[in-house]
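**Q** sequence first, then the predicted structure, then my questions.
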Amino acid sequence: MNKGQKLLKKAKKIIPGGNQLLSKRSEMFLPEFWPAYYKKAKGCKIWDLDNKVYYDFAGMGVTSCILGYSDKTVNRALIEGIKKASMTTLNATEEVDLAKELLKIHKWSDMAKFCKSGGEACLVAIRLARSYSKNQNIAFCGYHGWHDWYLAANLQDPRNLDKQLLSGLKTKGVSKTFSGSIKPFFYNDIESLEKLFQRKKHNIGIIIMEPMRAIPPKNNFLKKVKKLAKKNKAVLIFDEITSGFKDNYGGMHLKFKVNPDIAIFGKSIGNGYPISAIIGKKNNGYVARNFY
């Protein structure tokens, strides 16, 4: 048994599941043999606790390290920032610089807000959309984290999330008050979304989806989604946490020339360091009216 697996056995006694993220568990890859822990990483190489060297084809930090591990330029900027201070009563000027840069890249957007994780960004985006929309329920497509509002899809039907990304997700601890408030639709299947709006009792006021994961949009799917959102006065959120900045500079929605009302990005904008962003329009009030 390798050192990583030995440490994982000890970890499972004091950490639920043995680590902090489902997608990093050994059981997802090679149970009992996956190296599990790293000693160091550089570029696309990673060293385990037994000093074995691997080329990382497993996602490069859950797809967040798009410049490679331990990038010199990123690390140099981080070290300089730490030397100044990691946290103070006042604000860091870099957040203004980053906001300007994101709005420059995404010319359709007017304001930006930052937090630490992708799940947190999803939650903020949903809160913003709900505060604006008269209809509170959500139509979703893709994977959007572990928060109650998302997992609640399985309260009404335990199979609702099976055809998104991960099957068998449990709803233990999820408030029953969310039941019936979030409805799945399917990628490249515009009829599945149309049916949700046809039934008024669904009360759909928010659409959140990944603009692309593994399969590209067909038959102008994204444009049709946006048209439906506009027709039904629903807030359209593009979750670019997995797709943003990996295939093109800025996100897949720019590549397909379909702009949402709100877009969210994850750790890829910090090459794996904990930061996420929410950007949105100001003229319709999706962001400006509800950030405070």
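**A** Here it is on my side, so go on. Residues are numbered from 1 along each chain as shown.
**Q** contacts and neighbour counts: CA atoms only from here.
**A** OK.
**Q** can you tell me the helix or strand for the closest residue to residue 53 other than its chain neighbours?
**A** Leaving aside its sequence neighbours, residue 53 sits nearest to residue 47 (C-alpha to C-alpha, 6 or more residues apart in numbering; 4.6 Å). Using DSSP states H and E, residue 47 falls within strand 45-48.
**Q** just checking: what are the partner strands of that strand?
**A** Sheet pairing of strand 45-48 (DSSP bridges) gives strand 38-42 (antiparallel), strand 53-55 (antiparallel).
**Q** okay if I get the ones you listed as CSV plus mean pLDDT and mean neighbour count?
**A** Listed next are the strands paired with strand 45-48 as CSV, based on pLDDT from 0 to 100; neighbours: other C-alpha atoms under 10 Å:
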stretch, mean pLDDT, mean neighbour count
strand 38-42, 96, 14
strand 53-55, 96, 13
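**Q** so for residue 94, which of the ones you listed sits nearest?
**A** Nearest to residue 94 among those is strand 38-42 (25.7 Å), distances taken as C-alpha to C-alpha.
**Q** just send the strands paired with strand 45-48 back as JSON lines, with distance to residue 205 too.
**A** Formatted as JSON lines, these follow (distance: least, C-alpha to C-alpha, whole Å):
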{"stretch": "strand 38-42", "distance to residue 205": "44"}
{"stretch": "strand 53-55", "distance to residue 205": "44"}
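**Q** the ones you listed: which one's closest to residue 175?
**A** Checked against C-alpha to C-alpha, the stretch from these lying closest is strand 38-42, at 36.8 Å.
**Q** list the contacts of the closest one.
**A** 46, 47, 48, 49, 51, 68, 69, 70, 71 (C-alpha atoms under 8 Å, 6 or more residues apart in numbering).
**Q** are any of those buried, and if so which?
**A** For the contacts of strand 38-42, a neighbour count by 16 or more other C-alpha atoms under 10 Å gives the buried set as 46, 47, 48, 49, 68, 69, 70.
**Q** now, the most widely separated pair of the residues you listed?
**A** 49 and 68 (19.9 Å).
**Q** which one of the strands paired with strand 45-48 lies nearest to residue 272?
**A** Comparing the strands paired with strand 45-48 by C-alpha to C-alpha, strand 38-42 comes nearest, at 12.3 Å.
**Q** render the CA-only coordinates of that closest one in CSV, please.
**A** Extracted in CSV, the C-alpha atoms of strand 38-42 (Å, rounded to 0.1, in the frame of the first residue of the first chain):
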residue,chain,number,x,y,z
TYR,A,38,0.9,15.2,-3.2
LYS,A,39,4.3,16.3,-2.0
LYS,A,40,4.8,18.9,-4.7
ALA,A,41,3.5,19.8,-8.1
LYS,A,42,5.0,21.8,-11.0
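**Q** wait, which of the contacts of strand 38-42 is closest to residue 246?
**A** residue 68 (11.7 Å).
**Q** which residues does the residue nearest to residue 53 bridge with?
**A** Beta-bridge partners, per DSSP bridges, of residue 47: residue 40, residue 53.
**Q** list the contacts for it?
**A** Per C-alpha under 8 Å, 6+ apart, neighbours of residue 47: 38, 39, 40, 41, 53, 54.
**Q** rerun at 6 Å
**A** Counting by C-alpha atoms under 6 Å, 6 or more residues apart in numbering, residue 47 touches 38, 39, 40, 53.
**Q** that one and residue 107, how far apart?
**A** Relative to residue 107, residue 47 is positioned 41 Å away (C-alpha to C-alpha, to the nearest Å).
**Q** picking that back up, want to throw the contacts of strand 38-42 into TSV with distance to residue 242 and pLDDT?
**A** Formatted as TSV, these follow (distance: C-alpha to C-alpha, whole Å; pLDDT from 0 to 100):
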residue	distance to residue 242	pLDDT
46	21	96
47	25	97
48	25	96
49	28	97
51	30	96
68	16	94
69	17	96
70	20	95
71	20	95
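**Q** just the residues you listed now: which is nearest residue 133?
**A** For the contacts of strand 38-42, the residue nearest residue 133 by C-alpha to C-alpha is residue 68; the value is 39.7 Å.
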